[in-house]
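**Student:** Task: produce atomic coordinates for the following.
(3 chains)
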Amino acid sequence: MTGYLFHTDEDRRQMLAAIGADSIDEIIDAQVPADVRLDRPLRIADGLDEMSLEAMMRQLAAKNASAASHLCFLGGGAYDHFIPAAVDEIASRGEYYTSYTPYQAEVSQGNLQVMFEYETLVTQLTGLGVSNASLYDGGSAMVEAVLMAFAAGGKRHKVVTSDAVHPEYRQTLDTYLESISAEAVVVSSDAAGSSADSATSAGVIEQIDDSTACVVIQHPNFFGRLEDVEAIAEAAHRAGALLIQIFDPVSLGLLKRPGDLGVDIAVAEGQCLGNPLNFGGPYLGIMACREVLIRRLPGRIAGQTTDRRGNRCWVLTLQTREQHIRRDKATSNICSNQTLLALRATVHLSLLGPQGLRETAEHCVRKAAYARDRLATNPRLRIAHPGPVFKEFVVRDIEGDVAELMQSGLDQGILAGVPLGPWYPELDDCFLVAVTEKRTREEIDRLTAAFAASLAAV
Amino acid sequence: MSRDPAKLIYAKSHEWADVVQDGNDQFATVGISAFAIEQLTDLVYMDLPKVGQQVTAGEEFGEVESVKAVSPLYSPVDGEVVEVHDELPDRLDDLKTDPYDFGWIIKIKLSAAPPADLLDFPSYQQQCAEAG
Amino acid sequence: MRNTQATQLIFELSRPGRRATVLPPLDLPVPAASELLPAEQCATEPPQIPELAEGDVVRHFVNLSTLNMSVDTHFYPLGSCTMKYNPKRNERLASLPGFAAIHPLQSAESIPGLLQVLYELQEMLAEISGLPGVSLQPAAGAHGELTALMVAAAYFRDRDEPRRVVLTADSAHGTNPASAAMVGYQTRTVKSRSDGLVDIEDLKAKLDGNVAVFMLTNPYTLGLFDSQIREITSLVHQAGGLIYLDGANMNAILGIARPGDFGADLMHYNPHKTFSGPHGGGGPGAGPICVRDFLAPYLPQPIVVREGDEYRLQTGSPTSIGRVRSFFGNVGVLVRAYLYIRTYGGPGLKRVSEDAVLGANYLLSRVKHILDVPHGDRCMHEFVASAAKLKKRQGLSAMDLAKRILDFGFHAPTVYFPLVVDEAVMVEPTETESKETLDAFAEALFRITDEAADLAHNAPHTTRISRPDDVTASRRPVVRWVPEKGDH
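**Tutor:** Numbering: from 1, shown residues only, chains lettered A, B, ... in the order given. Alright, predicted model coming up:
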């Protein structure tokens, strides 16, 4: 039999003798009534040995296009950033990935210290006082932030946001809000792109009133554009509402920190910090907030203390917020955290350092600008928004056949962009192009040439 | 002035009340009993109401936490919170050593007479003895 | 032998000017970022994160790793967590770029190999559970619970049945009531009898037309299979409610009993437990859910469907509850679950559960004369002992046992859970531990009960730290590093 079992027939015989049972079936039959026992084998193919399994999986993997086989210009919340070898090397240590939640602090100091370092790095990046040890992903972190704001806001029942916030994050929020009496007001951004500067700020500010628990803004937004976060913060605070910002960790190499912009809760997708694309997960939900909100923060938190001999050490702390103690009154039902991905982010940020993070952001901005300039030379394409962007931007196809453009990219070994039509019917002729530090000038030129070839083919 | 536990009235949920008449109004000072504090082990956090908040007998007005437990604080009487012992959450060790004087939590202006099911000291002691 | 210099905080190891990452030269005919971005949006200084050389980083994190116990290094009988061996081939194969480097917004046509894996996984999970509708989207067990309750709520909304109550067992995991509260349900707790099984009379008393779902775990948290399960599920169904099964303990019943066959309508799996994870120091997990056919229209989307030889991502069902997260799901974890199931196959999975049951019963038989096991001398994949008598007799609490066993090179069992057992010690050995390991663990417990109790009160003695001060940590939380005066 294939697999990882230990017991020989002789082991099983001795163990049954010690138990005082004739067979394993006898033990099970004593508990599981006959009428609920499955009376046939599971209809799942017989097991595979390691060589056969590997051969099968390599074949299946070879059928997929990926950022490894193709040139990737896809963004929209997940990005092909470079992952240094040391990140993989450290995260593949069994002491990390085969351990579990640090219930026994004495034999989990490695994980606990990593959590504490991760939390500190997040506070340093965001300029906010406290971070949890991570949540599932950027989208659920945003939802948890909104639920936190509702809990802090008493009877306030409204969340104001904009359609320049990631559409899947907003869909997730809608699903959660279905269960509670709350309302989301989604302000339409200037998606068509007539204004040059900030995207949705004015519209968002208009909707804030004294029933607003929080405002959710993404900056840089889903279209890569910058928002006027400070103005929104001021308006939100004037109305007694909290401001939640979805940020891009890489952008903080250059942009002002959420805490310095007046943000109360900052959340992010941490995939960009050393985590593989993996078709959407597992990812890393980053969440930080002002210190006054610490007891409303969901998820695990590692804190510093001393042991009985006076040594500095780390423990899970403020656990009374959590489901295993507070049950139906907990800040959230979340029980796990993404420690392994938070470890990867911690190692990645340690390797980048302040200069590395700043240069990575610089590469993103300039390479995106270069790509935008180059694509603008194609008469079939228009740049939708003229203002500044961080690492992605919207391109309009005046022929209105985005699918054809994407297919032609794929045929030339390029994952060229993310069509916006499925989320924004009015942007059916548009797609999103993301350019990370990993893309070279030559690769951007290849993208330009691929679209030029498709122009010639029309 | 030192408060005598034997002269207080108690809720089954371990809060004590010291009710005094002041003109036409009745006021209750409220805290938690030494027995309850012992049971809760090391306290780490306390969440208190604000002045002006209405409270109802038998309903939660705050919370006290140890490392791995949360215990609601129930009001023994109906009324309005007129004073809150704001210093208390930062001096939980003193609450432990002096639960009846330093350890007062809130003062309530009563809107109705104290409920009849509050216990006198001997009855409360008996309840604790049975639980212990 | 410990390197304590390298395990200082990275912030303390930082030195100005040190660095690891160097980017390639940037040769582009565009202005600098400072000219491309508005000045008022830009920070005046680089972020305040530490400055380290690559050697610093590697030595730091490798040394830190050695302060953890893990399945790769130690027996880890943490009850309800199923800490089984994590196959190395799964790590290698799930990391193939043809899976791990797929962007979540790629077209379905560009990833037929991955969609085949995910489709087959849906089918296998449906077969193991006996419930045909599958969503792979939820990110963790608790997230699966929440999603399933949302599915149930959508179903009742569709039927115009405003049921507001969720029943949970008193031995249930804390996520059950927490998830129910997030969907806006009130919870009522159903008691267990003294033998640990659900108290049917109490269930009847709490069951009415207002009950939407009874959330239960079977085998439940005490490691026992509830032989009244048919009666329980039919009572709830007669009252018009649904049965939700918390799949935390599926490792006991693979190929032995199927939740769909014993009356469950919805369930989640914990692939990081049952299908070998790994647990990642606390995550990531995944929380796929399976439901009966009449609930399938409410599942989140997308779902992988097969048409002939083609696989497609199905979206657009008007009755779907919508998304519960961004993108498809925790695919990296799901691919590992697929690999695990394919390695064992149908008959092999049954063997997994049989050996898990054998191991737990063997260990139970070895320790029951020193450790009271209040719910009988048979169990499924785990058992819950009580240190209450030991505490009374020798002053040894569950906490003392947990701390002292660390000195013998074993991770502690789960302690003080479930709440219904006084001084609970919950042991789950799993099928991937040898008889010798189980014997050594039992003998360590014997030694501890023979020793002077003081040894246990002050344990552990062999770890770098011992008995951290949780009280101060909670009273005056220090949740980030701040430079001391005089530090740079």
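
**Student:** Strands of the stretch 251-400 of chain C, residue ranges please.
**Tutor:** C:266-269, C:289-291, C:303-307, C:310-314, C:383-386 (DSSP state E, counting those that start in this stretch).

**Student:** quick one: contacts of the second one?
**Tutor:** Contacting residues not belonging to strand C:289-291 are listed as C:125-126, C:129, C:131-135, C:138, C:144, C:147-148, C:151, C:259-260, C:265-269, C:298-299 [Cβ atoms under 8 Å, 6 or more residues apart in numbering or on different chains]. In this view, the C-beta of every residue, glycine as well, is placed from N, C-alpha and C.

**Student:** Next, format the strands of the stretch 251-400 of chain C as a markdown table and append mean neighbour count.
**Tutor:** Shown next, in a markdown table, are these (neighbours: other Cβ atoms under 10 Å in any protein chain shown):
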| stretch | mean neighbour count |
| --- | --- |
| strand C:266-269 | 28 |
| strand C:289-291 | 31 |
| strand C:303-307 | 16 |
| strand C:310-314 | 15 |
| strand C:383-386 | 25 |
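
**Student:** Relative to residue B:36, which of those strands is closest?
**Tutor:** strand C:383-386 (25.6 Å; Cβ to Cβ).

**Student:** Which strands and helices lie in contact with that closest one?
**Tutor:** helix C:331-367, strand C:424-427 (3 or more Cβ pairs under 8 Å, 6 or more residues apart in numbering or on different chains; DSSP states H and E).

**Student:** among the strands of the stretch 251-400 of chain C, which is nearest residue C:351?
**Tutor:** strand C:266-269 (18.8 Å).

**Student:** What strands line up against that closest one, and which way round?
**Tutor:** strand C:242-247 (parallel), strand C:289-291 (antiparallel) (DSSP bridges).

**Student:** Take those and lay them out in JSON lines including distance to residue B:130 and mean pLDDT.
**Tutor:** JSON lines is the format used below for the strands paired with strand C:266-269 (distance: least, Cβ to Cβ, whole Å; pLDDT from 0 to 100):
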{"stretch": "strand C:242-247", "distance to residue B:130": "36", "mean pLDDT": "96"}
{"stretch": "strand C:289-291", "distance to residue B:130": "46", "mean pLDDT": "98"}
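
**Student:** can you count the residues close to the closest residue to residue A:271 other than its chain neighbours?
**Tutor:** Spatial nearest neighbour of residue A:271, chain neighbours left out: residue A:283 (4.6 Å); criterion: Cβ to Cβ, 6 or more residues apart in numbering or on different chains. Per other Cβ atoms under 10 Å in any protein chain shown, the neighbour tally for residue A:283 reads 34.

**Student:** Look up the pLDDT of residue A:283 for me, please.
**Tutor:** With respect to pLDDT, residue A:283 scores 98.

**Student:** How is chain A divided into domains?
**Tutor:** A:71-83+A:354-457, A:86-348 (automatic domain parsing).

**Student:** most neighbours per residue, which of those?
**Tutor:** Looking across the domains of chain A with neighbours counted as mean count of other Cβ atoms under 10 Å in any protein chain shown, the highest average goes to domain A:86-348: a mean of 23.

**Student:** What is the subsequent helix or strand relative to the worst-scoring helix or strand of chain C on mean pLDDT?
**Tutor:** The helix or strand of chain C with the poorest confidence is helix C:175-182; it has a mean of 89 (mean pLDDT, DSSP states H and E). Next helix or strand after helix C:175-182 toward the C-terminus (DSSP states H and E): strand C:186-190.

**Student:** helices or strands up against that next one?
**Tutor:** Packed next to strand C:186-190, using 3+ Cβ pairs under 8 Å, 6+ apart, are strand C:165-169, helix C:175-182, helix C:200-206.

**Student:** Quickly note the distance from whatever residue of chain B ends up closest to chain C to residue B:88.
**Tutor:** Chain C sits closest to residue B:44 of chain B, with a gap of 3.8 Å, by Cβ to the nearest Cβ. To residue B:88, residue B:44 is 13 Å away according to Cβ to Cβ, to the nearest Å.

**Student:** And for residue A:5?
**Tutor:** Counting by Cβ to Cβ - residue A:5 and residue B:88 are separated by 58 Å.

**Student:** what's the answer for residue A:399, then?
**Tutor:** From residue A:399 over to residue B:88 (counting by Cβ to Cβ), the distance is 71 Å.

**Student:** Adding mean neighbour count, distance to chain A and mean pLDDT, write the helices and strands packed on strand C:383-386 out as a markdown table.
**Tutor:** Output for the helices and strands packed on strand C:383-386, formatted as a markdown table (neighbours: other Cβ atoms under 10 Å in any protein chain shown; distance: least, Cβ to the nearest Cβ, whole Å; pLDDT from 0 to 100):
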| stretch | mean neighbour count | distance to chain A | mean pLDDT |
| --- | --- | --- | --- |
| helix C:331-367 | 25 | 3 | 98 |
| strand C:424-427 | 26 | 11 | 96 |
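
**Student:** List the buried residues for the host helix or strand of the residue of chain B closest to chain C?
**Tutor:** Using DSSP H and E, residue B:44 sits within strand B:43-47. Neighbour-count burial for strand B:43-47, counted by 16 or more other Cβ atoms under 10 Å in any protein chain shown, picks out B:43-46.

**Student:** Neighbours of the residue in the stretch 301-450 of chain C that chain A sits nearest to, how many?
**Tutor:** Across the stretch 301-450 of chain C, the shortest distance to chain A (Cβ to the nearest Cβ) belongs to residue C:327, at 2.7 Å. Residues contacting residue C:327 under the criterion other Cβ under 10 Å number 27.

**Student:** list the contacts for the nearest residue to it once chain neighbours are set aside?
**Tutor:** Excluding its sequence neighbours, the residue lying closest to residue C:327 (Cβ to Cβ, 6+ apart) is residue A:280, at 2.7 Å. When contacts are counted by Cβ under 8 Å, 6+ apart, residue A:280 touches A:78, C:104, C:326-329, C:331.

**Student:** Out of those, name the ones that lie in helices.
**Tutor:** Among the contacts of residue A:280, the ones falling in helices (DSSP state H) are residue C:331.

**Student:** quick one on the thing from earlier: may I see the domains of chain A organised as a markdown table, with distance to residue C:84 added?
**Tutor:** Shown next, in a markdown table, are these (distance: least, Cβ to Cβ, whole Å):
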| stretch | distance to residue C:84 |
| --- | --- |
| domain A:71-83+A:354-457 | 28 |
| domain A:86-348 | 10 |
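
**Student:** Compare those and report which one is nearest to residue A:52.
**Tutor:** Of all the domains of chain A, domain A:86-348 comes closest under Cβ to Cβ, at 23.8 Å.

**Student:** what's the span of that closest one from first residue to last?
**Tutor:** Length of domain A:86-348, first residue to last, Cα to Cα, to the nearest Å: 8 Å.

**Student:** returning to what we had before: now for the helices and strands packed on strand C:383-386, which one comes closest to residue B:39?
**Tutor:** Taking the helices and strands packed on strand C:383-386 one by one with Cβ to Cβ, strand C:424-427 is closest: 19.0 Å.

**Student:** what packs against that closest one?
**Tutor:** helix C:331-367, strand C:383-386, helix C:398-407, strand C:414-415.

**Student:** Quick one: mean pLDDT over the shortest one.
**Tutor:** To tie it back to what came earlier, the one meant is strand C:414-415. Mean predicted lDDT for strand C:414-415 stands at 94.

**Student:** Give me the contact status of it with chain B.
**Tutor:** No - using Cβ under 8 Å from any Cβ of the partner chain, strand C:414-415 stays clear of chain B, coming no nearer than 11.3 Å.

**Student:** Could you confirm whether the helix ranked longest in chain B reaches chain C?
**Tutor:** Looking across chain B with DSSP H, the single longest helix is helix B:121-131. No - for a cut-off given as Cβ under 8 Å from any Cβ, helix B:121-131 has no contacts with chain C; the smallest distance is 14.8 Å.
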